[in-house]
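Participant: turn this into a model:
(one chain, ligands or ions: 1)
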Amino acid sequence: MTHAVAIDRVLTAVEAGRDELLAFTASLIRIPTVNPPGQYYRECAELIGERLSAWGMDVEFVEAQNRPEHTPEHPRVNVVGRIEGMALRPCIHLNGHFDVVPPGEGWRVDPFGGEVRDGRIYGRGASDMKSGLAAAAFAIEAIRRSGFSPSGSVEVSGTVDEESGGYAGVAHLCKAGYLTAQRTDYVIIPEPFGPERICIGHRGVYWFDVIAEGRVAHGSMPHLGRSAISDIGVLLYAIRSRLEPELASRVSVMPVVPEEARRPSINVNAVWGGQVSENQQSPCVADRCVVTFDRRFIPEESLDEVRREVAEVVAAVEQEEEGSSFRIEDRMSVLPTRAPEGSPLTSALSTAIRRVRGCEAELVASPGTYDQKHVSRIAGVDHCVAYGPGPLKEAHQPDESCAVDDLVTSAQVMALALLELVG
Ligand SMILES: [Zn+2]
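Facilitator: Prediction:
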């Protein structure tokens, strides 16, 4: 069979399964796998597992036994399906998270209805990312239906907790040896970047707290104490007036979208201080105030520099404001990551996008992190990209939806990439 005939068969197999793919996506949306707290994970993993076995895969359920968030009420259950070809390598792994953020307000459709209207499927997870997960699984099935068995192996996993860091999900699969550089060559994560975009990586994160220590006193005699809140006020102003302009002057070469995010940023995620609630009076000078910062950095910056820069601003304020006292506590950091230049994975997807969508793929990078961080950091698999139907702008929004055509064509793109990489 010629290459062109093979391609044609695979594309036709996906198109012929359009209704089935749509129904599978809807059935996933109808399970409200809301995180937090992580509801119905077992039910959703089982539904996916059933479908993967019906599609000829060996299925395994992987519970995050050692994680504190894996509880009897909210078990963290992941599912992995696998098809082995003539050899174990190359091995391509498609991973999608099936947890979704809470629906929130403002919906005009049932967020867990999986309703299809005017060529779009609606519901929480329609974009981020149950459609992507369904498309990835169906891409593998389309290869089988076309009569091909892979030369290497193909895997698909449905995982939990991406929205809360992915520690019981992809990170667990990596630590448990399901995803490792020793067995896995390529990873595609169908996050919702849209059917014509390939996301090659993401910026880094440095999350930290600054804690101001003051001195308590009666609120009617503030001169006897020292307000930690006022000190934090000075610090916040220093961050805005000194650090922010500096950050705005730096631009990454990484194609981060939206374009504004090509520059590093710092956000104040939270401020905690003073009396505990508006209902409980406590006429005291606040002796403690904590600010949580979220600093996103570009590959051109190193984590050491990023941390030093913050420490310098804090130290300068401490010196200028006599009697003030600050402490920095790190919460979490993730280094920027990107797939290697010229990765066969990127080129297989680009070729497939050209064929299916008739346009050049746009290579982008993400302003925030997602499970790619675990794949590159824990598993050590560099050839990892995100490619999924999207659209990104509808993720976490009311009336989240995905165009049915994008669902189908992204499955076609993934199927052709599979054909090229392990066909
Ligand atoms: Zn997502």
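Participant: now do the phi/psi pair for the residue nearest in space to the middle of the chain.
Facilitator: By CA atoms, centre = their mean, the chain has its centre lying nearest to Tyr370, at 2.6 Å. Backbone torsions of Tyr370, given as degrees, to the nearest 10, read phi -150, psi -160.
Participant: which residue is the nearest non-sequential neighbour of it?
Facilitator: Leaving aside its sequence neighbours, Tyr370 sits nearest to Glu191 (CB to CB, 6 or more residues apart in numbering; 5.5 Å). To be clear about C-beta, it is placed using only N, CA and C from the backbone, and glycine gets the same treatment.
Participant: residue contacts, the one you found?
Facilitator: Residues near Glu191 by CB atoms under 8 Å, 6 or more residues apart in numbering: 128-129, 132, 199, 366, 370, 386, 388.
Participant: and of those residues, the nearest to His97?
Facilitator: Met129 (6.3 Å; CB to CB).
Participant: wait, isn't that closest one in contact with Phe193?
Facilitator: No - under the criterion of CB atoms under 8 Å, Met129 makes no contact with Phe193, lying 10.0 Å away.
Participant: give the residues shared as contacts by those two.
Facilitator: With CB under 8 Å, 6+ apart as the test, Met129 and Phe193 both reach Gly388.
Participant: what helix or strand is the closest residue to Ser265 other than its chain neighbours on?
Facilitator: Computed as CB to CB, 6+ apart, the closest residue to Ser265 that is not its neighbour in sequence is Arg296, at 4.9 Å. Element membership for Arg296, per DSSP states H and E: strand 288-297.
Participant: which one of the residues in the stretch 251-400 of the chain is closest to the ion?
Facilitator: Tyr370 (6.0 Å; CB to the ion).
Participant: quick check: that residue touching Cys384?
Facilitator: No - using CB under 8 Å, Tyr370 makes no contact with Cys384, being 10.4 Å away.
Participant: anything in contact with each of those two?
Facilitator: Joint contacts of Tyr370 and Cys384 (CB under 8 Å, 6+ apart) are Ile189.
Participant: Met129 and Phe193: who's more crowded?
Facilitator: Met129 (30 against 27; other CB atoms under 10 Å).
Participant: which residues touch that one?
Facilitator: 96-97, 190-192, 388, 395 are the contacts of Met129 under CB under 8 Å, 6+ apart.
Participant: looking at these, which is nearest His218?
Facilitator: Ala395 (48.6 Å).
Participant: ok, and Leu421, which helix or strand is that part of?
Facilitator: Short version, using DSSP H and E: Leu421 is in helix 404-422.
Participant: what of Ile31?
Facilitator: Ile31 belongs to no helix or strand, assigned by DSSP H and E.
Participant: what do you get for Leu11?
Facilitator: Going by DSSP H and E, Leu11 is part of helix 3-16.
Participant: now that helix: how far from the chain's centre is it?
Facilitator: 31 Å (CA atoms, centre = their mean, to the nearest Å).
Participant: for it, list every residue counted as buried.
Facilitator: For helix 3-16, a neighbour-count test (16 or more other CB atoms under 10 Å) marks 6-7, 9-11, 13-14 as buried.
Participant: burial count for Val375?
Facilitator: 29.
Participant: which residues of the stretch 1-150 of the chain lie near the ion?
Facilitator: Contact residues (CB under 5 Å from the ion) of the stretch 1-150 of the chain with the ion: 128-129.
Participant: what about the strands in the stretch 1-150 of the chain?
Facilitator: Counting by DSSP state E, counting those that start in this stretch, the segments of the stretch 1-150 of the chain that form strands are 58-63, 77-84, 91-97, 116-117, 120-122.
Participant: from the contact counts, what lies against the third one?
Facilitator: Going back to what we said before, that points to strand 91-97. With contacts taken as 3 or more CB pairs under 8 Å, 6 or more residues apart in numbering; DSSP states H and E, strand 91-97 sits against helix 130-145, strand 153-159, helix 170-175, strand 186-189, helix 404-422.
Participant: helices of this protein, residue ranges please.
Facilitator: 3-16, 18-29, 41-54, 130-145, 170-175, 228-238, 244-248, 303-320, 344-357, 372-374, 404-422 (DSSP state H).
Participant: where does pLDDT dip in this protein?
Facilitator: 1 (pLDDT under 70).
Participant: care to break it down by domain?
Facilitator: With automatic domain parsing as the criterion, the domains of the chain are listed as 3-202+336-422, 204-334.
Participant: most tightly packed of the ones you listed?
Facilitator: domain 3-202+336-422 (a mean of 21; mean count of other CB atoms under 10 Å).
Participant: chain center to that one, what's the gap?
Facilitator: That offset, for domain 3-202+336-422, works out to 11 Å (CA atoms, centre = their mean).
Participant: let's number from 13 now, not from 1
Facilitator: Got it, the first residue is 13 from now on, which makes the last one we talked about domain 15-214+348-434.
Participant: and it, end to end?
Facilitator: One end of domain 15-214+348-434 sits 14 Å from the other (CA to CA, to the nearest Å).
Participant: now do stretch 266-280
Facilitator: OK, stretch 266-280 end separation, CA to CA: 24 Å.
Participant: contacts for it?
Facilitator: Residues contacting stretch 266-280 (CB under 8 Å, 6+ apart): 209, 212-213, 215, 248, 251, 255-256, 259-260, 262-264, 303-311, 313, 318, 348, 350, 374-379.
Participant: let me see the contact set for Ala147.
Facilitator: 33, 37, 202, 400-401, 419-420, 422-423, 426.
Participant: now do 7 Å
Facilitator: Ala147 is in contact with 33, 202, 400-401, 419, 422-423, 426, counting by CB atoms under 7 Å, 6 or more residues apart in numbering.
Participant: now it: closest residue in space that isn't a chain neighbour?
Facilitator: The nearest residue in space to Ala147 (CB to CB, 6+ apart) is Ala423, at 3.9 Å.
Participant: and if you look at Ser378?
Facilitator: His214 (4.0 Å).
Participant: please apply the same query to Val420.
Facilitator: According to CB to CB, 6+ apart, the nearest residue to Val420 is Arg30 (5.3 Å).
Participant: pretty sure Met146 contacts Leu33?
Facilitator: Residue 146: Ala, not Met. Yes - taking contacts as CB atoms under 7 Å, Ala146 lies within contact range of Leu33: 6.0 Å.
Participant: got the contact list for the closest residue to Met69 other than its chain neighbours?
Facilitator: Closest residue in space to Met69, ignoring its immediate chain neighbours: Gly93 at 3.5 Å, by CB to CB, 6+ apart. By CB under 7 Å, 6+ apart, the contact list for Gly93 reads 64, 69-71, 167-168.
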